[in-house]
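Undergrad: Here is my input, please return the structure:
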Amino acid sequence: MKFKLLKILFILFTILSLPKATGADDGNFICPSFPCEKTVEITAYYSPLPDQKTYFTGSYEGDIRLNGDGVLSADNTVVYPGMIAAPKTYPFGTKIEIPKVGLTTVHDRGGAIVQSGSERGNQHDRIDIWMGHGDEGLTRAKKWGRRTLTVNILGKRDDLKDHVDFFGLENDISAPAINKIPPVEYKYFPFDLSFGDQNDYVVLLQNYLMEFLYLYGTITGIYDEDTLQAVLKYQMDNKIIENENSHGAGRFGPKTRENMEKNIEEYEKNRFQFLEINIGKNQQGEEVKKLQTYLIKLNYLPTPQISGIYDQKTIEAVYKFQIQNKIIQSELDQGAGYFGPKTRTKLKEILTDKKEYMKILAQNTPLKTAKIETVEIIEFSKNLNFGDTGEEVKKLQNHLKKLGFFTSSTTGIYGEITQNAVFKFQQSQKIVHTENEIGAGKLGPETRSRLNTIIGIDHNILQQISLKKAQKLN
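TA: Numbers count the residues shown, from 1 in each chain. Take a look at the predicted model:
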């Protein structure tokens, strides 16, 4: 018995006497000891400013979603050029020497910043370098691109100060050349639109979706489910996205706006040829049909039926247009209800001038919010955490994707990407500020409550849409 006890004690002593890896922090190992060399994949990110000359995605809003707002990192450090985002196996405070950058520190995380062999299937650990704000930061990030390098990892060294110098990067002839992207000028849609938005630009979007035969029915001015599906089909037809699970699917973002603007410009070139003739009472034909189409689009002609006959309803619609645009003063004026030179010129002016078009649409499209009873939605009733799997996780990923926090495919696995998406949602709602706080990255009670509230708002918007449609049918 004594012999067995001595044997057990000897084994325990031997194990405890083994050298410990100094890179351990909460069970995570980068290297067996420091310093060590490691091959990693390094990308770059930056933080946009509202007055930049160019944007990577084409808009300030798009770059904010892609890169973040560039104020505080995941460990609550104020961002600075050269700061690193790394996988969770790299503890905050880890010092890394990077060729052509210098010595810098891990302070941030990211949904796509994961270790090798993760759910993304990358060969090497991926880290991200913050390159700065505005055009300068974007230029550096594009100059850097994506590189696979051997770096020197020093571990957590409070005695070493960061020293970052981008001069080597600015003069790096081996780096890919910077392609200067001309700024995208948006004539029709100056900002992104998404589900639940309610404004004049949604009216304009719905109008063109109807023109291009993607949307049918009534213009509501609300980015509802029908509008989302119409945008989704437009995106797929124009090869902006691959499928409905692609990032940005159903959202009228920078790429979709740019594509739509080009199609609108081409469409507008040939759209007004019919307006070169005068049209009056009882005339009929294709020209009358086209005139009626535009009167309906601008909400002057109430009936959706296009007869092709210049009947009494068409006369009244033209008269209303003339009065509103001060072409005539009363029904007794010469040309009242007649589509003559002055009326034709004004209609062409409105249809070709975005601001005038928007003004008329806004005047003639009532956007009164229907009063409905708010329904409390309990979409998530239990906590979820790293390692969980199943339909609840898949549902969580879908909602986070809709809100713009989750950009990968829905897997039903609560992995590092999902954890980071939940953390970013929590930051946006000011539930947590840093990754080290209790509950960060977990779908706990407060996070569930906040997410359920947002989902409930979406549900109530859909209720308003349904009620609005029902009211119009009646």
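
Undergrad: tell me the mean pLDDT over stretch 211-225?
TA: For stretch 211-225, the mean per-residue pLDDT is 82.

Undergrad: Break down the protein into its strands, ranges please.
TA: For the chain, the strands defined by DSSP state E cover 36-47, 84-85, 94-98, 102-108, 125-133, 146-156, 163-164.

Undergrad: mind putting those strands in CSV, distance to Ala440, mean neighbour count and mean pLDDT included?
TA: Backbone N, C-alpha and C define where each C-beta goes, glycine included. Formatted as CSV, the strands of the chain follow (distance: least, CB to CB, whole Å; neighbours: other CB atoms under 10 Å; pLDDT from 0 to 100):
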stretch, distance to Ala440, mean neighbour count, mean pLDDT
strand 36-47, 20, 19, 88
strand 84-85, 15, 24, 90
strand 94-98, 19, 21, 90
strand 102-108, 13, 22, 89
strand 125-133, 19, 23, 87
strand 146-156, 20, 16, 89
strand 163-164, 27, 14, 80
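
Undergrad: Nearest to Asn238, out of those strands?
TA: The closest of the strands of the chain to Asn238 is strand 146-156. By CB to CB, the value is 27.1 Å.

Undergrad: Neighbouring strands - and their directions - for that closest one?
TA: strand 36-47 (antiparallel), strand 94-98 (antiparallel) (DSSP bridges).

Undergrad: Let me know which of those strands is the nearest to Thr345.
TA: Of these, nearest to Thr345 by CB to CB is strand 36-47, at 48.1 Å.

Undergrad: Need the per-residue pLDDT for Gln273.
TA: 61.

Undergrad: Make 356 the starting number, not 1.
TA: I'll keep to 356 as the first residue from here, and by that count the last item is Gln628.

Undergrad: related to what we said a few turns ago, can you add distance to Gly759 and give the strands paired with strand 501-511 back as TSV?
TA: Shown next, in TSV, are those (distance: least, CB to CB, whole Å):
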stretch	distance to Gly759
strand 391-402	16
strand 449-453	29
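
Undergrad: And the strands of the chain: which comes nearest Gly692?
TA: Among the strands of the chain, the nearest to Gly692 by CB to CB is strand 391-402 (57.5 Å).

Undergrad: related to what we said a few turns ago, nearest to Ala585 among the strands paired with strand 501-511 would be which one?
TA: That would be strand 391-402 among these, by CB to CB, at 32.8 Å.

Undergrad: quick one on the thing from earlier: I'd like to know which of the strands paired with strand 501-511 lies nearest to Phe567.
TA: Per CB to CB, nearest to Phe567 of the strands paired with strand 501-511: strand 391-402, 35.2 Å.

Undergrad: Can you check what angle separates that closest one from strand 480-488?
TA: Here strand 391-402 points in a direction 40 degrees away from that of strand 480-488 (axes from the mean of the first three to the mean of the last three CA atoms, to 10 degrees).

Undergrad: for the stretch 456-605 of the chain, what spans make up the helices?
TA: For the stretch 456-605 of the chain, the helices defined by DSSP state H, counting those that start in this stretch cover 489-499, 522-525, 555-566, 580-592.

Undergrad: Put together CSV for the ones you listed, with distance to Tyr649 on each row.
TA: CSV is the format used below for the helices of the stretch 456-605 of the chain (distance: least, CB to CB, whole Å):
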stretch, distance to Tyr649
helix 489-499, 42
helix 522-525, 54
helix 555-566, 10
helix 580-592, 20
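
Undergrad: can you redo those helices as TSV with mean neighbour count?
TA: Shown next, in TSV, are these (neighbours: other CB atoms under 10 Å):
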stretch	mean neighbour count
helix 489-499	19
helix 522-525	13
helix 555-566	20
helix 580-592	20
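
Undergrad: Determine which of those approaches Thr412 most closely.
TA: helix 489-499 (10.6 Å).

Undergrad: quick check: angle from the closest one to strand 391-402?
TA: Going by the same axes, to 10 degrees, helix 489-499 makes 140 degrees with strand 391-402.

Undergrad: just how off-centre is helix 489-499 within its chain?
TA: A distance of 21 Å separates the centroid of the chain from that of helix 489-499, by CA atoms, centre = their mean, to the nearest Å.

Undergrad: and if you look at stretch 466-475?
TA: In terms of CA atoms, centre = their mean, the centre of stretch 466-475 is found 22 Å from the chain centre.

Undergrad: returning to that earlier point: for Thr573, which of the strands paired with strand 501-511 is the nearest?
TA: Closest to Thr573 of the strands paired with strand 501-511 is strand 391-402 (CB to CB; 41.2 Å).

Undergrad: Output the closest one as CSV, nothing but the C-alphas.
TA: Provided in CSV are the C-alpha atoms of strand 391-402 (Å, rounded to 0.1, in the frame of the first residue of the first chain):
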residue,chain,number,x,y,z
CYS,A,391,8.8,32.5,-30.6
GLU,A,392,8.3,32.9,-34.3
LYS,A,393,5.0,32.0,-35.9
THR,A,394,3.6,32.3,-39.4
VAL,A,395,0.3,34.1,-39.5
GLU,A,396,-2.1,35.7,-42.0
ILE,A,397,-2.3,39.4,-41.5
THR,A,398,-5.0,41.7,-42.9
ALA,A,399,-5.6,45.4,-42.2
TYR,A,400,-8.6,47.5,-41.1
TYR,A,401,-9.3,51.2,-40.6
SER,A,402,-12.0,53.5,-39.3
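
Undergrad: related to what we said a few turns ago, least confident of the helices of the stretch 456-605 of the chain, on average?
TA: Mean pLDDT is lowest for helix 522-525 out of the helices of the stretch 456-605 of the chain, coming in at a mean of 53.

Undergrad: isn't Lys756 right up against Thr765?
TA: Yes: Lys756 is in contact with Thr765 according to CB atoms under 8 Å; the separation is 7.0 Å.

Undergrad: Mind checking which of those two has more residues around it?
TA: A count of neighbours by other CB atoms under 10 Å puts Lys756 above the other of Lys756 and Thr765, at 19 against 16.
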